[in-house]
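Undergrad: Pasted the sequence and its predicted model underneath.
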Amino acid sequence: MKTKLFFIFAVAIFAGLAGTASGQTNTDVLIKNATVMTAAKGTLTNTDILIRKGKIDKIGKNISAANARVIDATDKYVTPGIIDAHSHAMLDAINEGSLSVTSMARTRDVLNPTDPSIYQALAGGVTAANLLHGSANPIGGLNTVVKFKYGRPIEEYLIPGAPPGIKFAMGENVKRGRQPARYPATRMGTLEVMRDAFERARDYKRKWDDFRAGKTRVPPKKSFELDPLVEVLEGKRLVHAHGYRADEHLNLMKLAKEFGFTVATLQHGLEAYKIAPEIAKFGAGVSIFVDYWGYKLEAYDTIPYNAYILWKNGVVVSINSDSDERIRRLNLDAGKTMKYGGVPEEEALKMVTLNPAKQLGISKMTGSIEVGKDGDIAIWSAHPFSVYTRAEMTLIDGQVFFDRAKDIAMRETLKQERERLEKNEANLPPEKRLKKPEKPDGDTKADETKPEETPTPAIEGGIDR
Amino acid sequence: MKKHLLGFSVALFVFTGLSLSVKAQIGSYAIRNAKIITVSGATIAKGTVVVRDGLIESVGERVQIPADAEIFDGEGLTVYPGFIDANTNIAIQQAPPTPPGQANQPQSNSNYPAVLRPERNVMGDLKAGEAQFAGQRSYGFTTALTGYSDGIFNGDSAVINLAGETVSEMVVRTPFAQHVTYTTNRGGGFPSSLMGTFSALRQMFADAKRLDQIRKMYEKNPRGMKRPESDPALEALIPIVNGEKPLVVNANAEREIIRTIDLAKEFDLRLIIAGGQEAGKVADRLKAQKVPVLLSLNFPKRTVAANEEADPESMNTLRLRVEVPKTAGKLKQAGVIFAFSSDGLKNMADFLVNAEETTKNGLSEADAVRAMTLSAAEILGVSDQLGSIETGKIANLVVIKGDLFDKDKTITHVFVDGKLFKLPKKPEKKTTPANGTIAQVGGTWILSISAPGQRVEATLVLIQTGSTVNGTLSSALFGSSPIKNGAATDKGFTFDVNVSVGAQELSVAFNGTVEGNKVEGIADTPQGPAPFTGTKTP
């Protein structure tokens, strides 16, 4: 326990050093002699993986490649990088809760590529995440799917070709009392808000269609609120819908059929096991906590067999974190599904790799170890479902973004840097700072500074489960 | 021909212990034998500047001094262009407090919440009168950009000269730009988060573009077309989305600046970044988009006392405080245009201290001077009028004994719009009389203090026991406060007093010279020196 705590602390310190974990050029990587859990085609022993130009080029035995960086993975396990289908990491704002429909709000506008949570997630083998708006409103803001390329410019976090998405929410978080009061206050009202928004989106689309067809002269007002809903209706934007109760999932699926759109994921889905066949038939994915419940009224009626029952019924299931802390041990969460009900090992691994990739529409690029896919890989010291395992290295597009050995080596350098920085006058506590020599004009207030000093924008709201 | 020795007049001020000739004099002046930092051209080691009718009439090594000019000998003096503070909220009248029982939101027909009203222009609330700028001028500042600081849209700003008794005289250029701060609608309405703020800006920019487009259609042919809505907020944004008026956005963190550049690119806006603490990290992007920076000299410093129990500060915080003074040097190296501002600084003295700090962190002294003169004028669109010592420009000048970055410099004279302000040389503090004569200062004095921004009437009650003085200072503005360290000197009195103005605690040092039942002196405030006069009530 103590060593684990120390590990987390050390990682936290290292996370302060933006940019050092990366910065290599796109050299080829050859991982040698690993136990490879592909999350697609079984587990391969004593196997090599060659990553060329960021993509998995070869999987097999005794591969050799000139000029490739060789990583000896003897006695180690290799899995696809873990993907979290529900995260609020990197967000300087999570909820725009003022209105019932905030599809104009974009997480893309408020991403923080220097959030230390990213580095901590990398230390848990995570390579990609679905960064979602909170659950304050029936129709929330737009999400962003990123790879955790810590230290890189924000543009490099974005995954080319990842379909855009939007957050919906139903239940307690949406209908609860607010200051100032906001409609809806009931589950009925929540559905009405959604229906009304889609009616408005249809009208809006019609206006633009008429204008484009030359039937009207004046261009309609552009609506950043309704544009994303038109995209949902056209099947161009994925819906990630927060909900707990089975009846609400059913209601949403009914509404979706009424307007002819699909739902990519039911998020949380604590009661999804009760309607597993219906969800399978509808075709939505479900993204759940593996064994976390009872923290509010609508979170009482779940069971740890949720994942197993959904899987058994043919639903694409992912295990998510919704937390900057849980995101670091999703590998263990996946392992728990083997205990509760007996999900097979590869299917359990898929729940934190290939399945979230499918739900986010990026499974063609990532989520499993297959030739042609992105080199998004985690290397573990032991079986990834073991409580003794550690992520030793995390690669994204074939580049190392976390390296435990480097992390450890870096701690002394960081300690020295901290000591140096703390001696700088600007970092001294005010009482120890040198009094400025009195200026000729006799000014005596030179030591006053403004209390607020870090330019970090405030984060509104907390995590919404 | 009048002839004056500047050095002599400085000595005179010291001698008399007060120098209240802050009354401006406009006229014709020549400073000769001075070092002249023109900024736009080469420095003149020994030359003459002639000021006449508010303008620089001539400058050079050998220039004709007009017959009517008052001549100063500038031996040992350096003349700079007047300093420009490139982002402030000065000279804005406070709205009167709302009477109890009335709604605190003013009525408005706007379609938007109070935070989204770009149609405001600071011109309407500018406060006239040059006495309010005594503090700024005492540090050599002659021009400032000023605007509101509240709301997401802060409204239009104005470039003002720090002299003039009417707003018309003060203003150099208005409107200069629309300003934006990433805040939220704190009442809980939209936008309540940073995400919402971005979407509100995006929607309003798009709506302004459309309004401009359909208005033009309507002007051509209104028949059969619904009339475009009248919307002052969107109308105010049309010059912004057309790239005619700059948009100044307050952004300090690297990611804030990147987001802002992205938004400006999306709508093709003429962006200026204000604040810019981490602008050095994104200098390449700023350069590529030709975005200038109004760089705040409010350098972050640790404010929390040492505490063994506290968690260590984050590396990011520690690094930030060390890195911020290097920003100016990095911007220069990357070729980004920047100017210095006092934005966030409590004390104008720190402007010069921190400007000097940039010269120890990669910026040349000449570039530091440029950042508070010509570069500022260029960004603020007034470089034809201000920012350098050139014939025909507005006569805004600073005369300094020694160089700006000398330790023992003294700013002696400031010209604003050709008006001469001789600066008070502060008397030696707390001079205890060597022998014998101590002024009799006990009694009740009615003081009139020309504090920065306003005139304050105060009552001073002094009780004298030998050279020790106790008592209270009271006024309608800050209530009643006991004086500290009070002493009677051979010429008058000195004391310190802490007063609370609004939520601010200010420490003010008074030094007055008594003559009979009159007193004159200087109150040294954190905003700069404020002259005062007073009469003893019988």
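TA: Structure's in. What do you need?

Undergrad: Residue of the stretch 201-350 of chain A nearest chain B, please.
TA: Nearest residue of the stretch 201-350 of chain A to chain B (Cβ to the nearest Cβ) works out as residue A:222 at 4.9 Å. For every residue, glycine as well, the C-beta is placed using N, CA and C.

Undergrad: sec struct for that residue, please.
TA: Secondary structure assignment for residue A:222 (DSSP: H, G, I helix; E, B strand; the rest coil): coil.

Undergrad: just checking, it touches residue B:204?
TA: No - judged on Cβ atoms under 8 Å, residue A:222 makes no contact with residue B:204 at a distance of 11.3 Å.

Undergrad: which of those two has more neighbours?
TA: Using other Cβ atoms under 10 Å in any protein chain shown, the more surrounded residue of residue A:222 and residue B:204 is residue B:204, with 22 against 16.

Undergrad: how far does the one helix or strand the more buried one maps to sit from the chain's center?
TA: For residue B:204, the host element (DSSP states H and E) is helix B:194-220. Taking the mean of its C-alpha atoms, helix B:194-220 sits 33 Å from the chain's own mean (Cα atoms, centre = their mean, to the nearest Å).

Undergrad: got the buried residues for it?
TA: Neighbour-count burial for helix B:194-220 flags B:194-212, B:214-215 (criterion: 16 or more other Cβ atoms under 10 Å in any protein chain shown).

Undergrad: Please name the nearest non-neighbouring residue to residue B:242.
TA: Distance criterion Cβ to Cβ, 6 or more residues apart in numbering or on different chains; nearest residue to residue B:242, sequence neighbours excluded, is residue B:212 at 6.8 Å.

Undergrad: quick one: that neighbour from residue B:220, how far?
TA: In this structure, residue B:212 lies at 13 Å from residue B:220, with Cβ to Cβ, to the nearest Å as the measure.

Undergrad: likewise residue B:416?
TA: According to Cβ to Cβ, residue B:416 and residue B:220 sit 48 Å apart.

Undergrad: Run a quick check on the residue nearest to residue B:242 versus residue B:240, I expect a contact.
TA: No - Residue B:212 is beyond contact range of residue B:240, at 10.5 Å (criterion: Cβ under 8 Å).

Undergrad: Establish whether stretch B:500-515 and chain A are in contact.
TA: Yes - contact of stretch B:500-515 with chain A (Cβ under 8 Å from any Cβ of the partner chain) involves B:507, B:509.

Undergrad: What residues sit buried inside that stretch?
TA: If you call a residue buried by 16+ other Cβ under 10 Å, then stretch B:500-515 has these buried ones: B:506, B:508-514.

Undergrad: I figured residue A:314 hits residue A:280, correct?
TA: Yes - assessed by Cβ under 8 Å, residue A:314 is found in contact with residue A:280 at 4.5 Å.

Undergrad: of these two, who's got more company?
TA: residue A:280 (16 against 13).

Undergrad: helix or strand for that one, which one?
TA: Counting by DSSP H and E, residue A:280 is found in helix A:276-282.

Undergrad: Look at residue A:325 and say how many residues are nearby.
TA: 13.

Undergrad: show me the contacts for the residue nearest to residue B:242.
TA: Residue B:212 sits next to B:238, B:241-242 when contact means Cβ atoms under 8 Å, 6 or more residues apart in numbering or on different chains.

Undergrad: Tell me the confidence at it?
TA: pLDDT for residue B:212: 97.

Undergrad: Equivalent analysis for residue A:448, please.
TA: pLDDT recorded at residue A:448 is 35.

Undergrad: Helices of the stretch 351-500 of chain B, start to end?
TA: With helices called from DSSP state H, counting those that start in this stretch, the stretch 351-500 of chain B shows them at B:365-371, B:374-379.

Undergrad: So for chain A, which of the ones you listed sits nearest?
TA: Chain A sits nearest to helix B:365-371 of all those, at 17.0 Å, using Cβ to the nearest Cβ.
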